[in-house]
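Engineer: Let's see this in three dimensions:
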Amino acid sequence: MRTQYCGHLNKALAGQTVELCGWVNRRRDLGGLIFIDMRDREGVVQVVIDPDMKDVFDIANQLRNEFCIKITGEVRVRPGSQVNKDMATGEVEVLARGLEIINRAEPLPLDFNQNNSEEQRLKHRYLDLRRPEMSDRIKLRAKASSFVRRFLDDNGFLDIETPVLTKATPEGARDYLVPSRVHKGKFYALPQSPQLFKQLLMMSGFDRYYQIVKCFRDEDLRADRQPEFTQIDIETSFMTAVEVREKMEEMIRNMWQELLNVDLGDFPMMSYEEAMRRFGSDKPDLRNPLELVDVADILKDVEFKVFSGPANDEKGRVAVIRVPGGAELSRKQIDEYTKYVGIYGAKGLAWMKVNDRAAGFEGVQSPVAKFLNEEVVNAILDRTGAGSGDIILFGADSAKVVTEAMGALRLKLGIDRELTDTSKWAPLWVVDWPMFEDDDEGNLHAVHHPFTAPLGVTPEELKANPAGTLSDAYDMVLNGYEVGGGSVRIHNSEMQTAVFDLLGIEEDEQQQKFGFLLEALKYGTPPHAGLAFGLDRLVMLLCGTENIRDVIAFPKTTAAACLLTDAPSEANPAALEELALTITAAQKEQNDA
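Structural biologist: Now for the predicted structure:
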């Protein structure tokens, strides 16, 4: 039906007859002439309707926004004074010789010239996706996927599919379960990731695998999470962690170069311990110059128990952030930051303004200064490098609370004070993760997942010191977002059993849930390592938005609902009966509420 896309017209086509299909973006009636801005997925072009073409002109008088139309016309160059520099096709226009209304549009539930609520946009997503901004995002996503396939294909990776209906295995979130009609009372699980299958593929001899795959996690959502998400899943055999990181860094660096013409440069590397200590996050945003500085050793002997208590507690932490120019903060602003850290469990936020650094103790202003002597204050000023006009903010509590609260405060201050350089790209590898974390009840949990290999220890050494063992894991971070994570995997059954034992998974449960894996590990399993990228999050960063719903064609809300199709919905009673399932009265009341 068409010979060209609207957005592809240029001066080289001048004098040619073209056929265009698309939508009315805007109609302007200047009395003697009608101008149509016609839009398709590739852009907008101006169409001129001359009154001398009476039949065409009469049809053009009927047009309204979002009518679906076909135009036949001649491409002509616009006079220099009429060139529209805001349009890619602004040097040309189309003089219509024929016009067909393919389909009319009723008054729109969305206003393309105003900000619509996200609920409106999601309910009428098919209209929202017509907007050039959204169309560009979806096209960039397609280019990113295409780039990944080309890069991995060129580097010897095989695209292999893995099952969607599988067995529930613990991977950090709740599973979505699918009841079996054939095996009544039994359930499949939708995969949180293809983790075990890609390891089995390594055992099968396919030494370089990839898949752009849907994954499912039934967890609490936020702006950069969805119940179903797309993962670039990668696994290799006979490659070290360093080699995997080098290859994946090359892929992402080349992607940014090709799609954005941006050189990310070499990715620095930082240990997990350093990231948490300096930035209060395992995915630090290095565009932000603020850092957490530990001062517990300085405050151990002060009388102020709010400081000295955590300073003398092995599970406590006292850390400060120096904010350049922050002495201008009002008391109201400081109170707002105090409320903010309270979200993360902090009981308060002490502060110290440096009015005159040269004056030392006499030059600071703080409600806690009376509890501190001159030596302590000068030591804090020296360690933080504070100067006149700065403010120092204190966090004192358990290490977990201080790290999370001050890490979040650092990010907020960076944006509020315009200290974060949003024009930069800041990539990073975070390595040397702890193997386990303690839930404060004596139970260990895998920091990554239970198939991650410990770093440089035997099963016996791991059992002797699980809390002090690092894992051979790595995360790729970009601008404060974790865009990919992976590890070297366990490739022998003795180590895998040792990890399961430490996680409190009994032998019967090991066999029930992972018997197939433990069995496979006995038959010449190669060393293997891998990594998975969140495609949605990568595209979100490429597009310069902060919400992955902006780069997914048909996303769910934060309540895991689809406003377009009204999913999830109630099932047909006959289907439930066939699956041997019943909905209790209590569940029905909860759904109706």
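Engineer: Could you list the low-confidence segments of this protein?
Structural biologist: The chain contains residues with pLDDT under 70 at 170-172, 221-224, 585-593.
Engineer: So residue 549 is in contact with residue 555, correct?
Structural biologist: Yes - assessed by C-beta atoms under 8 Å, residue 549 is found in contact with residue 555 at 4.1 Å. Heads up, the C-betas are built off the backbone N, CA and C, glycines and all.
Engineer: Tally up the residues packed near the closest residue to residue 434 other than its chain neighbours, please.
Structural biologist: The shortest distance from residue 434 to any non-neighbouring residue, by C-beta to C-beta, 6 or more residues apart in numbering, is to residue 447 (5.3 Å). Counted with other C-beta atoms under 10 Å, residues neighbouring residue 447 total 18.
Engineer: Now do the contacts for residue 447.
Structural biologist: Counting by C-beta atoms under 8 Å, 6 or more residues apart in numbering, residue 447 touches 433-437, 471, 473.
Engineer: Quick one: buried ones out of the residues you listed?
Structural biologist: 433-436, 471, 473 (16 or more other C-beta atoms under 10 Å).
Engineer: And those residues, which is closest to residue 37?
Structural biologist: Ranked by distance to residue 37 (C-beta to C-beta), the buried ones among the contacts of residue 447 are led by residue 473 at 51.9 Å.
Engineer: Which residues are in contact with the closest one?
Structural biologist: The contact partners of residue 473, by C-beta under 8 Å, 6+ apart, come to 431, 433, 447-448, 452, 485-488.
Engineer: Columns distance to residue 115 and secondary structure on top of the residues you listed, output as CSV?
Structural biologist: Formatted as CSV, the contacts of residue 473 follow (distance: C-beta to C-beta, whole Å; DSSP: H, G, I helix; E, B strand; the rest coil):
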residue, distance to residue 115, secondary structure
431, 42, strand
433, 41, strand
447, 41, coil
448, 40, coil
452, 44, strand
485, 35, strand
486, 39, strand
487, 42, strand
488, 47, strand
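Engineer: Can I get those in CSV including distance to residue 129?
Structural biologist: Compiled in CSV, the contacts of residue 473 are given as follows (distance: C-beta to C-beta, whole Å):
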residue, distance to residue 129
431, 39
433, 39
447, 38
448, 36
452, 39
485, 30
486, 33
487, 37
488, 41
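Engineer: which residues are common contacts for residue 549 and residue 555?
Structural biologist: With contacts defined as C-beta under 8 Å, 6+ apart, the residues shared by residue 549 and residue 555 are 122, 226.
Engineer: From residue 289, how far out is residue 418?
Structural biologist: 11 Å (C-beta to C-beta, to the nearest Å).
Engineer: Oh, that last question was meant for residue 68, not what I typed.
Structural biologist: Distance of residue 68 to residue 289, computed by C-beta to C-beta: 52 Å.
Engineer: of these two, who's got more company?
Structural biologist: Ranked by neighbour count (other C-beta under 10 Å), residue 68 and residue 289 place residue 68 first, with 14 against 11.
Engineer: Next, the contact list for that one, please.
Structural biologist: Residue 68 makes contact with 21-23, 101-105 under the criterion C-beta under 8 Å, 6+ apart.
Engineer: and those as TSV, adding secondary structure, neighbour count and distance to residue 504?
Structural biologist: Putting the contacts of residue 68 into TSV (DSSP: H, G, I helix; E, B strand; the rest coil; neighbours: other C-beta atoms under 10 Å; distance: C-beta to C-beta, whole Å) gives the following:
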residue	secondary structure	neighbour count	distance to residue 504
21	strand	18	62
22	strand	26	60
23	strand	19	59
101	strand	15	68
102	strand	12	64
103	strand	9	61
104	coil	12	64
105	coil	15	60
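Engineer: Tabulate those residues (TSV), appending distance to residue 525.
Structural biologist: As requested, the contacts of residue 68 are arranged in TSV below (distance: C-beta to C-beta, whole Å):
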residue	distance to residue 525
21	55
22	55
23	56
101	64
102	59
103	58
104	63
105	59
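Engineer: quick check, nearest of those to residue 88?
Structural biologist: residue 22 (14.6 Å).
Engineer: Is that closest one in contact with residue 37, as I believe?
Structural biologist: No - applying C-beta under 8 Å as the test, residue 22 and residue 37 come out as separate, 10.0 Å apart.
Engineer: Now do the strands in the stretch 451-593 of the chain.
Structural biologist: Secondary structure of the stretch 451-593 of the chain (DSSP state E, counting those that start in this stretch): strands located at 470-478, 481-488, 528-534.
Engineer: Okay, domains of the protein per the record?
Structural biologist: Residue ranges for the domains of the chain, per the TED database: 6-103, 288-420.
Engineer: Could you save these as a markdown table and add columns showing distance to residue 165?
Structural biologist: Below are the domains of the chain laid out as a markdown table (distance: least, C-beta to C-beta, whole Å):
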| stretch | distance to residue 165 |
| --- | --- |
| domain 6-103 | 34 |
| domain 288-420 | 37 |
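Engineer: Which one of these lies nearest to residue 137?
Structural biologist: Across these, closest to residue 137 is domain 6-103 (C-beta to C-beta), at 11.9 Å.
Engineer: for the closest one, how far is the first residue from the last?
Structural biologist: Start and end residues of domain 6-103 are separated by 18 Å (C-alpha to C-alpha, to the nearest Å).
Engineer: Pull the number of nearby residues for residue 152.
Structural biologist: When neighbours are counted by other C-beta under 10 Å, residue 152 registers 21.
Engineer: and it, which of the three is it?
Structural biologist: The three-state label given to residue 152 by DSSP: H, G, I helix; E, B strand; the rest coil is helix.
Engineer: Next up, the contacts around the residue nearest to it when sequence neighbours are not counted.
Structural biologist: Spatial nearest neighbour of residue 152, excluding adjacent residues (C-beta to C-beta, 6+ apart): residue 210 at 4.6 Å. With contact taken as C-beta under 8 Å, 6+ apart, residue 210 is in contact with 148, 152, 157-160, 232-235.
Engineer: same thing with residue 581?
Structural biologist: residue 179.
Engineer: swap in residue 187?
Structural biologist: By C-beta under 8 Å, 6+ apart, the contact set of residue 187 is 168, 177-180.
Engineer: From those, which land in strands?
Structural biologist: If you go by DSSP state E, these have 177-179 in strands.
Engineer: Select from those the one having the most neighbours.
Structural biologist: Highest neighbour count within the ones in strands among the contacts of residue 187: residue 179, with 17 neighbours (other C-beta under 10 Å).
Engineer: Pull up the gap between that residue and residue 219, please.
Structural biologist: Taken as C-beta to C-beta, the span from residue 179 to residue 219 is 21 Å.
Engineer: any idea how far residue 539 lies from residue 509?
Structural biologist: According to C-beta to C-beta, residue 539 stands 38 Å off from residue 509.
Engineer: Compare these two (neighbour count), which wins?
Structural biologist: residue 539 (24 against 13).
Engineer: Which parts of the stretch 151-300 of the chain are helices?
Structural biologist: Here the stretch 151-300 of the chain has its helices, by DSSP state H, counting those that start in this stretch, at 195-203, 241-260, 272-279, 296-299.
Engineer: So which elements touch the helix or strand that the last one is followed by?
Structural biologist: So the one you mean is helix 296-299. Toward the C-terminus, helix 296-299 is succeeded by helix 305-311 as the next helix or strand (DSSP states H and E). Packing partners of helix 305-311 (3 or more C-beta pairs under 8 Å, 6 or more residues apart in numbering; DSSP states H and E): helix 296-299, strand 316-323, strand 391-398.
Engineer: got the buried residues for stretch 42-50?
Structural biologist: Buried residues in stretch 42-50, defined by neighbour count with 16+ other C-beta under 10 Å: 42-49.
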